[in-house]
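Undergrad: Output the structure for:
(one chain, ligands or ions: 2)
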Amino acid sequence: METPSEDEAVVPLYLGLDLSTQQLKAVVVDDELKILHTASVQFDSDLPEFRTHGGVVQNKLNSLVVTTPTLLWVKALDMLMDRLTVCGVEFSKIVAISGTAQQHGSVFWYKGAEETLQKLDPSEFLHHQLASCFSTSNSPVWMDSSTTVFCRQLEESVGGPKKLSEITGSRAYERFTASQIAKVAKLNTDAYNNTERISLVSSFLCSLFLGKIAPIDYADASGMNIMDLQTKQWNEKLLKVCGGADLEEKLGKPVVSYTNLGDISPYYVDRWEFSKDCKVIAFTGDNPASMAGMRLGKGWLAISLGTSDTLILWLNERIVVTEGHIFCNPVDEDAYMGLLCYKNGSLTREKIRDKCCDGSWEIFNHLLDSTPRGNFGNMGFYFATQEINPYLQGDYRFNKAGEKVLKFTSLEVEVRALIEGQFIAKRAHVEDIGFDFDENTKILATGGASKNHAILQVMADVFNAPVYIQETSDSAMLGAAFQAKHGLHRPTDFFEITKCLPEPKLVCEPYTDSNEIYAPMVERYRKIAEELETLVTPNYATQ
Ligand code: ADP
Ligand code: XUL
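TA: Numbering: from 1, shown residues only. Ligands and ions are numbered 1, 2, ... in the order given. Have a look, this model is predicted:
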């Protein structure tokens, strides 16, 4: 390998990876965090031999069981490295690597796997060498919802859902890793007993670069229902319920999200000409990495209006929530982040657009703009599919007097009721999760519907805060690249590291009377949701 000249040595590059549900992507950025190269591998089309659909396999006998063959991810990395080479990436200039992956999914390493990782042969593909390294050949992923019985056991073991949330940041969810591990331990006991270590998808991918089993980071560990958010240690009672005495060892000790884990595996030095000094920074989950990629700091709230709607927010303090999730903050170990997921996002907006506006966003926006803020006192809540919070399905309309009505008097009232209702509910939940609104609050809008100015104006008004957008997409993958630089340069603060990037663009400001109009509507929503929810019994299995 040639030694770089002095000039070349001062141009460091950073590599960020993202192992999402459907693809494995990579980005190479320079020291100014400018994107130089990207490459990706699509699971369904590039690796058809694994027969995935949307990157996953749904069990034919039990549709609640959703997995991905673990070896597919390994083979995807072999292909991705080839594609990065074809792009002309100069691996020798990469000084640090970090990554991100879909949250909650788990990898069960077979006994002896770590030794194999430590002795990888650079002349061979990874997938040839790791073929027998997994004690379950299929990894449960976040779309799996087959573990309800184990969720209830977890909650009961500590005194109920609220108590579990107090300890781990969330009540028990089927996709969270603790109940998934409990299922393997109870129903696939031989495989569990033959398991040397358990990784999350993020720490699994990290392990492939580190050449040994990488620790799980605090932010992704918060999506497991087993780590105590206060002490940042695995909770003993929960360890016992999920796996027993040896689970602590199988999980290893979790670490701060931007920990520098040391040198890259010699496999990459010999096979791909990486520098032997290239450092591997802990990998994390995609939602925490998105927070880093959006550079979401104190006072910021990110609202993603995609297929489903997701809210990510910075929290200084940790509070107990029964809906939504509190995670450790990926860029500041003393802070937290909040995550709220909604199933009724763009598809529900499209449904009303199709019913009221002939499928046209232009007509939709015209109707939205032609009704006043507050919608003459009418309110509506639309849940085309079973919502997580509130736990409701169906359409609910209320007139100014608070009476339930079947129909509104005009299409424009219906359209405004939909958009206002969606943001009013979100504001109530954001307040419940402990976000402090004040004159410094700013909203970052992302996702497909963030190009719709009329919708963003309602967002600004309901939250009584200015709304910003930013050019970049792929925030999780970029967040990983930023963390690579951050982890390498600690103790320099994350925001100092990323200040070279352009600021988000202001697109809407709230009208001055907004809070007067919407604060009472948020209170009305709380009462309505409480009354409606008492009429239904939750079946958490579908979440
Ligand atoms: P995903 O969450 O699957 O990544 P996107 O963030 O790309 O999805 O968002 C896709 C959605 O954006 C579509 O379902 C569509 O309804 C919505 N969308 C696209 N353009 C507009 C628009 N002008 N106004 C409102 N919604 C829009
Ligand atoms: C979050 C969640 C998903 C996955 C996949 O709780 O389940 O966002 O991280 O992207």
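
Undergrad: Checking Thr348 next. Helix, strand or coil?
TA: Three-state call for Thr348 (DSSP: H, G, I helix; E, B strand; the rest coil): helix.

Undergrad: what's the neighbour count on the closest residue to it other than its chain neighbours?
TA: In space, and not counting its chain neighbours, Thr348 is closest to Ala384: 4.5 Å by Cβ to Cβ, 6 or more residues apart in numbering. For the C-beta atoms, the positions are set from N, CA and C on the backbone; glycine is no exception. When neighbours are defined as other Cβ atoms under 10 Å, Ala384 has 16 of them.

Undergrad: give me phi/psi at the residue in the stretch 201-350 of the chain positioned nearest to ligand 1?
TA: At 2.3 Å from ligand 1, Gly306 is the closest residue in the stretch 201-350 of the chain, using Cβ to the nearest ligand atom. As for Gly306, its main-chain torsions (degrees, to the nearest 10) stand at phi -110, psi -150.

Undergrad: Correct me if wrong: it contacts Gly448.
TA: Yes: in this structure, Gly306 sits in contact with Gly448. The criterion is Cβ atoms under 8 Å, and the distance is 5.6 Å.

Undergrad: Common neighbours of the two, please.
TA: Ser346 (Cβ atoms under 8 Å, 6 or more residues apart in numbering).

Undergrad: just to revisit the earlier point, next one: the residue nearest to Thr348 from ligand 1, what distance?
TA: 12 Å (Cβ to the nearest ligand atom, to the nearest Å).

Undergrad: burial measure for Gly55, as a count.
TA: 23.

Undergrad: hang on, it packs against Gln22?
TA: Yes: counting by Cβ under 8 Å, a contact exists between Gly55 and Gln22, whose distance comes to 3.9 Å.

Undergrad: list residues touching both of these two?
TA: Shared contacts of Gly55 and Gln22, counting by Cβ under 8 Å, 6+ apart, come down to 43-44.

Undergrad: quick revisit: wait, the residue nearest to Thr348 touches Glu350, no?
TA: No: counting by Cβ under 8 Å, no contact exists between Ala384 and Glu350, whose distance comes to 9.1 Å.

Undergrad: so Thr68 sits in a helix?
TA: No: when classified by three-state DSSP, Thr68 is found to be strand rather than part of a helix.

Undergrad: Show me where the stretch 1-150 of the chain dips below the pLDDT cut-off.
TA: Across the stretch 1-150 of the chain, the ranges flagged by pLDDT under 70 are 1-10.

Undergrad: Can you show me the helices along it?
TA: In the stretch 1-150 of the chain, the helices defined using DSSP state H, counting those that start in this stretch lie at 6-9, 43-46, 70-87, 113-118, 126-129, 148-158.

Undergrad: Quick one: closest of the ones you listed to Asp493.
TA: Nearest of the helices of the stretch 1-150 of the chain to Asp493, taken as Cβ to Cβ: helix 6-9 at 25.6 Å.

Undergrad: residues of stretch 115-127 that come out buried?
TA: By neighbour count, with 16 or more other Cβ atoms under 10 Å as the criterion, the buried positions of stretch 115-127 are 116-117, 120, 125-127.

Undergrad: beta partners of Val41?
TA: On the basis of DSSP bridges, Val41 takes part in beta bridges with Leu24.

Undergrad: Could you double-check that it sits in contact with Ala26?
TA: No: in this structure Val41 lies outside contact range of Ala26 using Cβ under 8 Å: 9.1 Å.

Undergrad: Could you check which of these two has the larger neighbour count?
TA: The residue with the greater number of neighbours, taking Val41 and Ala26 and applying other Cβ under 10 Å, is Ala26; the counts read 26 against 23.

Undergrad: Pull the contacting residues for that one.
TA: Ala26 makes contacts with 15-18, 37-40, 80, 84, 477, as judged by Cβ under 8 Å, 6+ apart.

Undergrad: With Gly434 instead?
TA: For Gly434, the contacting residues are 315, 317-319, 321, 338, by Cβ under 8 Å, 6+ apart.

Undergrad: hmm, back to that, how about the helices of the stretch 1-150 of the chain, which one is nearest ligand 1?
TA: Ranking these by proximity to ligand 1 (Cβ to the nearest ligand atom) places helix 43-46 first, at 15.6 Å.

Undergrad: what's the least confident helix or strand in the chain, going by average pLDDT?
TA: Considering only helices and strands, the least confidently modelled element of the chain by mean pLDDT, DSSP states H and E is helix 6-9, at a mean of 51.

Undergrad: So what's the residue count around the residue in the stretch 101-250 of the chain positioned nearest to ligand 2?
TA: Among the residues of the stretch 101-250 of the chain, Gln103 lies closest to ligand 2, at 3.3 Å counting by Cβ to the nearest ligand atom. By other Cβ under 10 Å, 27 other residues sit near Gln103.

Undergrad: Off-centre distance for the helix or strand containing Ala481?
TA: Here Ala481, judged by DSSP states H and E, is contained in helix 475-489. Taking the mean of its C-alpha atoms, helix 475-489 sits 15 Å from the chain's own mean (Cα atoms, centre = their mean, to the nearest Å).

Undergrad: Helix or strand next in line after it, which one?
TA: Immediately after helix 475-489, counting by DSSP H and E, sits helix 494-497.

Undergrad: Show the contacting residues for the residue nearest to Val255 when sequence neighbours are not counted.
TA: If the residues on either side of it in the chain are set aside, Val255 comes closest to Pro215, at 4.5 Å by Cβ to Cβ, 6+ apart. Counting by Cβ under 8 Å, 6+ apart, Pro215 makes contact with 203, 252-255, 259, 261, 282.

Undergrad: can you tell me which of the residues you listed lies nearest to ligand 2?
TA: Nearest member of those to ligand 2, counting by Cβ to the nearest ligand atom, is Ser203, at 14.1 Å.

Undergrad: The closest one contacts Tyr218, correct?
TA: No: here Ser203 lies out of contact with Tyr218, judged by Cβ under 8 Å, at a distance of 11.5 Å.

Undergrad: which one of the two has more residues nearby?
TA: Residue environment comparison for Ser203 versus Tyr218 gives the larger neighbour count to Ser203, 31 against 24, counting by other Cβ under 10 Å.

Undergrad: helix or strand for that one, which one?
TA: Element membership for Ser203 (DSSP H and E) is helix 201-210.

Undergrad: Show me which residues of the stretch 301-450 of the chain sit near ligand 1.
TA: Within the stretch 301-450 of the chain, the positions near ligand 1 by Cβ under 6 Å from any ligand atom are 306-307, 346, 350, 361, 447-449.

Undergrad: now the chain
TA: Remark: the part of the chain in contact with ligand 1 comprises 306-307, 346, 350, 361, 447-449, 451-452, 455, using Cβ under 6 Å from any ligand atom.

Undergrad: I'd like to know which of the residues you listed are buried.
TA: In those, burial by neighbour count holds for 346, 350, 361, 447, 449, 452, 455, counting by 16+ other Cβ under 10 Å.

Undergrad: farthest-separated two in those?
TA: Among these, the pair separated by the greatest distance (Cβ to Cβ) is Trp361 and Gly447, which sit 14.3 Å apart.

Undergrad: Right, I'll leave it there.
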